[in-house]
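Engineer: Show me the folded form of this:
(one chain, ligands or ions: 1)
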Amino acid sequence: MRFYTLTDYPTGLPDRALFKLESQTLPELAEGEVRIRNSWLSVDPYMRGRMSGIHTYVAPFELGKPMEGAAIGEVIESNDARLNVGDKVSHMGGWRDIAQLPAQEVTPLPDIDVPEQAYLGVLGMPGMTAWTGLNLIAECRPGDNVLVSAASGAVGSMVVQLAKAKGCHVVGIAGAAHKLAWLESLSVEPVSYRDRNSHELSDAIRLASPNGIDVYYENVGGICLEAALSQLNEGARIAVCGMINDYNAEEPTPGPSNLAQLIMRKAKMQGFIVADYWEHYPEFLKEVAPQVSAGKIDYKETVKEGLENTPEAFLTLFEGGNTGKMLVKLDS
Ligand code: NDP
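Structural biologist: Residues are numbered from 1 along each chain as shown. Next comes the predicted model:
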């Protein structure tokens, strides 16, 4: 198998040279193990946290050991009665072409008429994150005025569409012009954060949502958070999903200067980790999968070809190089 290891823990934006492509011959399958040929790998912003060398809610990557991440593949050998050769599965043995894992760590893909890589994006962890943050954390209600940062990404683009489907007025913050155009095509009010300070961004949000903000779905932090705080309505709810603006920061980033808005607006702000809500995944799938297979949810993918391009795919996330879910496609 060919796989990536991390040679050192980075500071700032990781250097490409820290990702080393290695190979090894896999041992015979042990009892209960399966071998999987990966067809799709996921790269996600949270992986930057695993490169810090610090145990957060998830253990750091071990230097010199195969990196991990979500992947989709096909079972090519099985030593477990639960899985057969040819089964399509999802698992966490990504950043590699062939995975060998205990069968209990492998999940067969549901029998739903969607492309298999959908289980890394719209029907996988990012989609589930969007649904969880919007419904269970922000308690979004029909008619709410909703603001979403990184709105054209894997999580954000699901949040905006789930909120629209609830009958909300939705504003989406994004960078590039083509991302703003996509948001507009989804009947989302697009707002660019580029070349703006937090006051200018706040003014742009007010223009896009004159009745204020009831729900803020936070993926970014930085000026997006400060601008959003200035536009909150009384009783607003903020779901803190991610703070990608800070993930490569080399020094502590300044907090928002206007946190007192939470008091003034009697607002709630709650962080969450989607893994803690996984018992709701069947409910999410039941609600969202029919909409995806019926084409009612417009999801995009940005695909890099070949295992060699996995680090580039990951690093590009921090430059806004993806629209929708960032994926790596392997030869199968
Ligand atoms: P995305 O697909 O949204 O990719 C990242 C996007 O973030 C980029 O395309 C870019 O879009 C935007 N971005 C990057 N840097 C900045 C910056 N400095 N300021 C503003 N925007 C920036 O990633 P995901 O959908 O996978 O993840 C979105 C967020 O959700 C992340 O913060 C992630 O960590 C978090 N997350 C949290 C989970 C949880 O359990 N709490 C689970 C999954 C994800 P643009 O061009 O618009 O700048």
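Engineer: host element of the most centrally placed residue in the chain?
Structural biologist: Residue closest to the average C-alpha location in the chain (Cα atoms, centre = their mean): residue 126, at 4.2 Å. According to DSSP states H and E, residue 126 maps onto helix 125-131.
Engineer: Give me the contact list for the helix or strand just after that helix.
Structural biologist: Next helix or strand after helix 125-131 toward the C-terminus (DSSP H and E): strand 145-148. Strand 145-148 is contacted from outside by 134, 140, 156, 159-160, 163, 168-173, 205, 209, 211-217, 219, 228, 231, 233, using Cβ atoms under 8 Å, 6 or more residues apart in numbering. Every residue, glycine included, has its C-beta placed from N, CA and C.
Engineer: Filter the residues you listed down to the buried ones and express that as a PyMOL selection.
Structural biologist: Typed into PyMOL, the next command selects the buried ones out of these (criterion: 16 or more other Cβ atoms under 10 Å):
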select buried, resi 134+140+156+159+160+163+168+169+170+171+172+173+205+209+212+213+214+215+216+217+219+228+231+233
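Engineer: Looking at the contacts of strand 145-148, which are in strands?
Structural biologist: 169, 170, 171, 172, 173, 213, 214, 215, 216, 217, 233 (DSSP state E).
Engineer: Now those residues in CSV, please, with extra columns for pLDDT.
Structural biologist: Output for those, formatted as CSV (pLDDT from 0 to 100):
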residue, pLDDT
169, 98
170, 98
171, 99
172, 98
173, 98
213, 98
214, 99
215, 99
216, 99
217, 99
233, 98
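Engineer: How much space separates residue 258 from residue 265?
Structural biologist: Separation of residue 258 from residue 265 (Cβ to Cβ, to the nearest Å): 11 Å.
Engineer: What of residue 82?
Structural biologist: Residue 82 is 51 Å from residue 265, by Cβ to Cβ.
Engineer: Could you do residue 185 as well?
Structural biologist: Going from residue 185 to residue 265 by Cβ to Cβ gives 32 Å.
Engineer: neighbour-wise, which of these two wins?
Structural biologist: residue 265 (18 against 10; other Cβ atoms under 10 Å).
Engineer: Go ahead and confirm residue 172 touches residue 183.
Structural biologist: Yes: at 4.3 Å, residue 172 counts as touching residue 183 under the criterion of Cβ atoms under 8 Å.
Engineer: Mutual contacts of these two, please.
Structural biologist: 151, 152, 160, 189, 190.
Engineer: so who does residue 153 touch?
Structural biologist: 126, 219, 322, 323, 324, 325.
Engineer: Show me what from the stretch 151-300 of the chain comes close to the ligand.
Structural biologist: 152-156, 174-176, 179, 193, 219-220, 222, 241-242, 244-245, 272-274 (Cβ under 6 Å from any ligand atom).
Engineer: repeat that for 5 Å
Structural biologist: Applying Cβ under 5 Å from any ligand atom, one finds that the stretch 151-300 of the chain approaches the ligand through 153-155, 174-175, 219-220, 241-242, 244-245, 273-274.
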